[in-house]
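Chemist: Provide a 3D model corresponding to the input given below.
(2 chains)
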Amino acid sequence: MSLELAEVKKIAHLAAIAVEPEELEALGAKLSNILDLFAQLSQADTQGVEPMAHPLDQTQRLREDLVAEVDQRDKFQAIAPATENGLYLVPKVIE
Amino acid sequence: MYQYSIKQLSDALQTKQVSSVELTQYFLTRMKNLDLQVNSFITQTPELALQMAAQADEALAAGSAHPLTGIPMAHKDIFCTDGVRTSCGSKMLDNFVAPYDAHVVTQFKNCHMPILGKTNMDEFAMGSSSESSYYGPTKNPWDLNAVPGGSSGGSAAAVAAGLVPFTTGTDTGGSIRQPAAFCGISGIKPTYGAVSRFGMISYASSFDQGGPMAMSAQDCAWLLNAMVGFDQRDSTSMQLAPTDYTAQLDKSLKGLKVGVPAEYFGEGLDPQVAASVKQAIAEIEKLGAEVVEVSLPNQKLAVVAYYVLAPAEASSNLSRYDGVRFGYRCDAPNNLNDLYTRSRAEGFGGEVKRRIMVGAYALSAGYYDAYYLKAQKVRRLVRDDFSRAFESCDVILGPVAPTVAFNIGEKTDDPVSMYLADLYTIPVNLAGLPAMSIPAGFVNQRPVGLHLIGPYFSEAKLLNVAHQYQQVTNWHQQRPEWVGDK
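Modeler: Now for the predicted structure:
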């Protein structure tokens, strides 16, 4: 399977990763090789087999509906690239 | 002293033959002298180590110390350590100083074990060679031209070179066992859910599992005692009764049924590796075990299922790295979308970007059923193969990897060939079983690993078999000549 450049661009968009135009072809070739590997899955007879999401088929454990965390906002924001008045700063998106 | 076992170090500390500060200083000197060649550490923390060693000495003097108190160690850089850089081998987290400790880190801190530093690894644990780290490749101490395996290659190499008595590692598709095999040390991946994943940077959450990497099965047993346990902060943590993993080490192997899958010795396995593994199985037979043939017919598709499912989980887990709240942020972004996409493009390395893209693709509309759902069904087939096999045997034995350590650069341009290096380890992660690698010989002066796989929660049995084998062989005690007393 050989991915078209438009498909490679679409995949990069889904992954939210910028790709330079000159990288697209090489990236497409590597992704195509990986998708060729995936094609082998069609060989498996999975008729009637339940999908398995958790190795031990466990369900989510529940806990008491109580506050267990303490406020550590200042500590967590100390490692942020940019903050102001307790908020994370991002570039302007609305003109 | 770098050749001492955890038990010997513990005895020396408890009987005051050596202090924790002296022991820590000794390993810090080795790390300083030898790691320039190996590159097994991303961050060295000598001040923290000596401060923790002084506290350990106080606990030892008070007479209330834990058996592991005072023994130096290092964490794979995937475990968050409060106040210490936790990079996960990535430029994305190069500036990330974790604001809290992982559960595993807390467990060992409670035992007063000095932390020498954080070990090198494949970026975000994605890799089988430890070449994809932002901090440069780690070298295999047995041959500096060879890879140490991955992703816990820094942890394995640091132990093999005698820079630290033990390290932590994580195993998503074989990342404890394959580097342990390539570096000639012992490493165990516990049953999924046995060791808390809290504070362990997520790659593929339904596979990731932490475990110890050390010189022997006996050392691993001591360390597992401190690592395993319920943690309410990890929603997949299992509530188990406390187990002493050292208790069964001396049990005889008489009557043990050992399963050997025919599929493990087929095409692709290096004949010399096969010969070493068969020799090891014969040794275990001599100890009283009975060999039975078992079949794991769906093994071949396990690699394919893994490389759909793990990237799918990774694409979701790694969506948190967007340059907003922590980690790398690109320069002068034009707008919010540019900030996201360029921070991720510049912060992640090639393999990580490929896996995120593959994962996003596998989960996208139109491909979900053909890839993701189909892979989840294959996952169950692989698990069911093991369940059937364990009806006729107690432990499965085989190779860890199809070859010994390959050369640095040999597979970097061919991701698919790198993926196939995990052929024997991945099925275990799909099933969530416990498994370990122990040294079983050499091919061309590079170590070979023996793979032991057991039913759920059979860690004590695996350690028993491995320890008994290590009582009659000395592969696990061998060290590369050049790392001698420095």
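
Chemist: Next, count neighbours for residue 40.
Modeler: Using chain A. Number of residues near A:Gln40 (other C-beta atoms under 10 Å in any protein chain shown) recorded here: 14. Where C-beta positions appear, they are placed from N, C-alpha and C, glycine not excepted.

Chemist: um, chain B though
Modeler: B:Ser40 sits with 32 neighbouring residues when counted by other C-beta under 10 Å.

Chemist: Run a quick neighbour tally on B:Gln3.
Modeler: 12.

Chemist: would it count as being in a strand?
Modeler: No - counting by DSSP: H, G, I helix; E, B strand; the rest coil, B:Gln3 falls outside a strand, being coil.

Chemist: for it, what are its contacts?
Modeler: B:Gly162, B:Gln477, B:Arg479 (C-beta atoms under 8 Å, 6 or more residues apart in numbering or on different chains).

Chemist: What of A:Pro81?
Modeler: With contacts defined as C-beta under 8 Å, 6+ apart, A:Pro81 is in contact with A:Leu89, B:Gly323, B:Val324, B:Phe326, B:Gly327, B:Arg329.

Chemist: ok, now B:Val147?
Modeler: By C-beta under 8 Å, 6+ apart, B:Val147 lies in contact with B:129-131, B:137-140, B:153, B:182, B:405-408, B:410.

Chemist: okay, it: pLDDT?
Modeler: Per-residue confidence (pLDDT) for B:Val147: 98.

Chemist: What separation is there between it and chain A?
Modeler: Look at B:Val147 and chain A: by C-beta to the nearest C-beta, to the nearest Å, they are 20 Å apart.

Chemist: Which residue comes closest to that residue once chain neighbours are left out?
Modeler: With C-beta to C-beta, 6 or more residues apart in numbering or on different chains as the criterion, B:Val147 has its nearest non-adjacent residue at 4.0 Å, and that residue is B:Ser129.

Chemist: for B:Tyr367, same thing?
Modeler: Spatially, and ignoring its direct neighbours in sequence, B:Tyr367 is nearest to B:Tyr361 (6.2 Å; C-beta to C-beta, 6+ apart).

Chemist: Okay, and residue 13 sits in which element?
Modeler: If you meant another chain, say so; for now it's chain A. If you go by DSSP states H and E, A:His13 is part of helix A:5-14.

Chemist: look at chain B instead
Modeler: In the assignment (DSSP H and E), B:Leu13 maps to helix B:6-14.

Chemist: who's in contact with the residue nearest the centre of chain A?
Modeler: For chain A, A:Ala15 is the residue whose C-alpha lies nearest the centre (C-alpha atoms, centre = their mean; 6.4 Å). Listed by C-beta under 8 Å, 6+ apart, the contact set of A:Ala15 reads B:Ser315, B:Arg344, B:Lys353, B:Ile356, B:Met357, B:Gly359, B:Ala360.

Chemist: related to what we said a few turns ago, quick check, nearest of the contacts of B:Gln3 to B:Lys286?
Modeler: Comparing those against B:Lys286 with C-beta to C-beta places B:Gln477 closest, at 19.5 Å.

Chemist: so that closest one sits right up against B:Met215, yeah?
Modeler: Yes - in this structure B:Gln477 lies within contact range of B:Met215 using C-beta atoms under 8 Å: 7.4 Å.

Chemist: Between those two, point out the one with more neighbours.
Modeler: B:Met215 (26 against 13).

Chemist: for the stretch 301-450 of chain B, what spans make up the helices?
Modeler: Here the stretch 301-450 of chain B has its helices, by DSSP state H, counting those that start in this stretch, at B:336-347, B:350-363, B:374-389, B:415-419, B:426-431.

Chemist: Could you pull up the mean pLDDT of the shortest one?
Modeler: The one in question is helix B:415-419. 79.

Chemist: Return the alpha-carbon coordinates of that helix using CSV.
Modeler: The C-alpha coordinates for helix B:415-419 follow below in CSV (Å, rounded to 0.1, in the frame of the first residue of the first chain):
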residue,chain,number,x,y,z
PRO,B,415,11.1,0.7,11.5
VAL,B,416,9.4,-2.5,10.5
SER,B,417,12.6,-4.6,10.9
MET,B,418,13.1,-3.0,14.3
TYR,B,419,9.5,-3.9,15.3
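
Chemist: Which residues does that helix contact?
Modeler: A:30, A:33-34, A:36-37, B:127-129, B:303, B:307, B:351, B:354, B:411-412.

Chemist: Now the buried members of the residues you listed.
Modeler: Listed as buried from the contacts of helix B:415-419 are A:30, A:33-34, A:37, B:127-129, B:303, B:307, B:351, B:354, B:411-412; burial here means 16 or more other C-beta atoms under 10 Å in any protein chain shown.

Chemist: how close does whatever residue of chain A ends up closest to chain B sit to B:Phe386?
Modeler: As assessed by C-beta to the nearest C-beta, chain B sits closest to A:Pro55 within chain A, at 2.4 Å. Distance, A:Pro55 to B:Phe386, using C-beta to C-beta, to the nearest Å: 10 Å.

Chemist: Overlap of the contact sets of these two?
Modeler: Common neighbours of A:Pro55 and B:Phe386 (C-beta under 8 Å, 6+ apart) are B:Ala431, B:Leu433.

Chemist: Quick one: low-confidence residue ranges for the chain.
Modeler: All of this is about chain A. Residue ranges of chain A with pLDDT under 70: A:1, A:95.

Chemist: My question was about chain B, not that one.
Modeler: Counting by pLDDT under 70, chain B contains low-confidence ranges at B:485-486.
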